[in-house]
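Trainee: What shape does this take:
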Amino acid sequence: MILLFGGTTEGRIAATALEEAGQPFYYSTKTGGQTVALHHGEPLQGAMDAQAMAAFCRGHEIRLLVDAAHPFAALLHQTVAEVAGALHIPAIRFERIYAERDPSLVWCDDFADVVRRFDRHSLLATTGVQTIARLQPLAQRGVKVWYRILPRESSILLARKQGIADSQLCFYHEGEDEAEVLRHLQPEAVLMKESGQSGGFEQKVAAAKSLGIKVYVVKRPEMPAIFHTVNGPHGLRRMVEWLLPDFYPLRSGLTTGTCATAAAVAQTGRLLRGEQPAEVPVILPDGETIHVAVGYGDGYAYVIKDGGDDPDVTHGIEVRAAVRPTGVFAVKGGDGVGRITLPGFDMPPGEAAINRVPREMMRRNIADEVEITISVPQGREVARRTFNPRLGIEDGISIIGMSGIVKPFSEEAFVDSIRKCMQVAKASGTDRVVINSGAKSERAVRALYPQLPQQAFVEYGNYIGETLKMADQLSIPNVTLGVMMGKAVKLAAGQLDTHSKKGVMDKAFIARMLHEADCHVDITHMTLARELWTLIPPEKLKDFCCTLIRHCHRHCDPLLPNGTLTILLIDDNGLVLSV
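Mentor: As a prediction, this is how the structure comes out:
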């Protein structure tokens, strides 16, 4: 069992990552004020001292502690570390993502250091109501101080109790313009905590600097050495898989893009700085950092691809990176990396089949101006067992990956998680459930249903047919299906499971739909369904979309005989089309 401490954005993200396991865990917050959709987690409320925490861990067979609390919750961090050490339980710190410290800011070790170094006549303190007492010496020196706090009655009463006048209070309001707040008060300086990316730290600093206001920052406290530190959901999952191997039913893996990036980072460090570590840090597309094991050969570094417990044919292959200084950053494909021969990909024909995201990962992780050549010794052989030949990618595999991580789900486990989400949606009392393929499609359709609760939005992944059957079994009267072009053309052809392993788009069927819609378009060289958005003339696009949605209804409506199904087609820019 896992005990997670949250109450923050990181806490919510960590809880979501643990939910993927389908296993019970505990989610503890100090006040219980944070709303988190928990299907498997059990919420706890109230602070714990070391004695209470240890007793809880013993009584509930806690085998792993996860601290995702606020970075300045120093007492909790120390308590978690103390209990972990005493009970010999591993502990993970889910840290925020921090930018490098800007030397133009005044970095202070603590609030006493702020008081010692402060040299202005007015200050806006954004460090919270609990820090007012520590800044009182400034007021006693004649500094005019405003305190920016949450507009909670308890916070206001606490500020007044410490002698703060209402005229000194400035309240946080969601979505407000930081620069406008500063322009209104016109302080000579602003005080912040090093709150990281999720705390809006960089935006607040940018607003102050744009107005020439001096910025003082209290550094985040150092974390106890006992913690295994991660700073994102993928790193958390991988760390849990290592420390508590039986928690997730299936183990996650790495994309070929992450493998290529790690090999490139390792070889660049080896060539230019003489470094040769056994593992290197890699910043993933979402900004978090994971560590990847690397090896070294004659003139290259390599990574053995680990596909996790749901591996594809690239599992176990060696991904190599050779590097040479050129004064210009470039990424090339070597032996075993496919070559694009048809349009429709995010790189033009003739280029190596290294997708845009892995290229961007390499640029983000490597500051040096070097030429990187990625090669895969087994690539030509492995590619024959992929869809690459059908897609016009020749002589090797593709270097791909949108997130950098392969998150495995067995079909049974994933369908079961959908079923639980549908049950929660039904229990929320909503008369409409919106099912979508993922975050992008959900964002597009959520704006159409602002009145629906969060639980009404359910991700179907590829299991459209199974999800619609669940809606019928639960007697959900109205279902909205959000679908993007790639899945829509498969669904229109009757593929109720749209996973690429189950089949590719049927170009002959697409051609028939184009004919039905009186669209005269040559799709001979089309490799990806999303190309239809640009291939079809704008004046005929609506006719085709109507035809496409009609065919989708033909296969989906029988699965929801007692309900009403609305199908929304979403383009690559998030524009929603319906008929």
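Trainee: C-alpha only now, for contacts and for neighbours.
Mentor: Will do.
Trainee: what about the strands in the stretch 101-250 of the chain?
Mentor: 106-108, 122-125, 144-149, 169-171, 189-193, 214-218, 228-230 (DSSP state E, counting those that start in this stretch).
Trainee: should've said the stretch 451-579 of the chain
Mentor: 457-459, 478-484, 564-570, 576-577.
Trainee: angle of the second one against strand 564-570?
Mentor: Orientation note: strand 478-484 sits at an angle of 20 degrees relative to strand 564-570 (axes from the mean of the first three to the mean of the last three Cα atoms, to 10 degrees).
Trainee: What pairs with strand 478-484, parallel or antiparallel?
Mentor: strand 432-436 (parallel), strand 564-570 (parallel) (DSSP bridges).
Trainee: Tell me which of the strands of the stretch 101-250 of the chain lies nearest to Arg160.
Mentor: strand 169-171 (9.5 Å; Cα to Cα).
Trainee: what sits up against that closest one?
Mentor: Contact with strand 169-171 is made by Trp146, Tyr147, Arg148, Ile149, Leu150, Pro151, as judged by Cα atoms under 8 Å, 6 or more residues apart in numbering.
Trainee: among those, who's most crowded?
Mentor: Of these, Tyr147 is surrounded by the most neighbours, 25 neighbours in total, counting by other Cα atoms under 10 Å.
Trainee: how close does that one sit to Ala139?
Mentor: For Tyr147, the distance to Ala139 equals 12 Å [Cα to Cα, to the nearest Å].
Trainee: now do Asp67
Mentor: For Asp67 relative to Ala139 (Cα to Cα), the value is 35 Å.
Trainee: Look at these two and report which has more neighbours.
Mentor: More neighbours surround Asp67 than the other of Asp67 and Ala139, with 25 against 14 (other Cα under 10 Å).
Trainee: circling back to that earlier point, most tightly packed of the strands paired with strand 478-484?
Mentor: Most buried of the strands paired with strand 478-484, by mean neighbour count (mean count of other Cα atoms under 10 Å): strand 432-436, with a mean of 25.
Trainee: next one: that one to chain centre, how far?
Mentor: The chain centroid and the centroid of strand 432-436 are separated by 21 Å under Cα atoms, centre = their mean, to the nearest Å.
Trainee: before we move on, what about stretch 430-445?
Mentor: The answer for stretch 430-445 is 17 Å, by Cα atoms, centre = their mean.
Trainee: neighbouring contacts of it?
Mentor: 425-426, 452-453, 456-462, 476-484, 570, 574-576.
Trainee: give me that answer again for 7 Å
Mentor: By Cα atoms under 7 Å, 6 or more residues apart in numbering, the residues outside stretch 430-445 that reach it are 425, 456-462, 476-483, 570, 574-576.
Trainee: hmm, back to that, dump the strands paired with strand 478-484 into JSON lines; add mean pLDDT as well.
Mentor: Below are the strands paired with strand 478-484 laid out as JSON lines (pLDDT from 0 to 100):
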{"stretch": "strand 432-436", "mean pLDDT": "92"}
{"stretch": "strand 564-570", "mean pLDDT": "91"}
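Trainee: least trustworthy helix or strand in this protein by mean pLDDT?
Mentor: helix 388-391 (a mean of 71; mean pLDDT, DSSP states H and E).
Trainee: what's the following helix or strand after that helix?
Mentor: Downstream of helix 388-391, the first helix or strand assigned by DSSP states H and E is strand 393-394.
Trainee: who does that next one touch, helix- and strand-wise?
Mentor: strand 339-340 (3 or more Cα pairs under 7 Å, 6 or more residues apart in numbering; DSSP states H and E).
Trainee: quick one: the helices in the stretch 1-150 of the chain?
Mentor: With DSSP state H, counting those that start in this stretch, the ranges of helices along the stretch 1-150 of the chain come out as 9-19, 50-59, 74-87, 111-117, 132-140.
Trainee: Low-confidence stretches in the stretch 351-500 of the chain?
Mentor: 387, 390-391, 409-414, 416-417, 498-500 (pLDDT under 70).
Trainee: are any of the contacts of stretch 430-445 buried, and which?
Mentor: Buried subset of the contacts of stretch 430-445 (neighbour count, 16 or more other Cα atoms under 10 Å): 425, 456-462, 476-483, 570, 576.
Trainee: what's the closest of the strands of the stretch 451-579 of the chain to Ile523?
Mentor: strand 478-484 (18.4 Å).
Trainee: Val292: neighbour count?
Mentor: 19.
Trainee: any idea how far Asp368 is from Val328?
Mentor: Taken as Cα to Cα, the span from Val328 to Asp368 is 9 Å.
Trainee: my bad, His525
Mentor: 38 Å.
Trainee: cool, Gly11 as well?
Mentor: Taking Cα to Cα, one finds Gly11 at 35 Å from Asp368.
Trainee: In terms of neighbours, single out the busier of those two.
Mentor: Gly11 (25 against 16).
Trainee: in the stretch 301-450 of the chain, which spans are helices?
Mentor: Secondary structure of the stretch 301-450 of the chain (DSSP H, counting those that start in this stretch): helices at 356-365, 379-383, 388-391, 411-427, 439-446.
Trainee: Can you lay out the ones you listed as JSON lines showing distance to Arg220?
Mentor: Output for the helices of the stretch 301-450 of the chain, formatted as JSON lines (distance: least, Cα to Cα, whole Å):
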{"stretch": "helix 356-365", "distance to Arg220": "24"}
{"stretch": "helix 379-383", "distance to Arg220": "46"}
{"stretch": "helix 388-391", "distance to Arg220": "48"}
{"stretch": "helix 411-427", "distance to Arg220": "37"}
{"stretch": "helix 439-446", "distance to Arg220": "32"}
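Trainee: For the most centrally placed residue in the chain, which three-state class applies?
Mentor: Computing the C-alpha centroid of the chain and ranking residues by Cα atoms, centre = their mean puts Asp286 first, at 5.3 Å. Under DSSP: H, G, I helix; E, B strand; the rest coil, Asp286 falls in the coil class.
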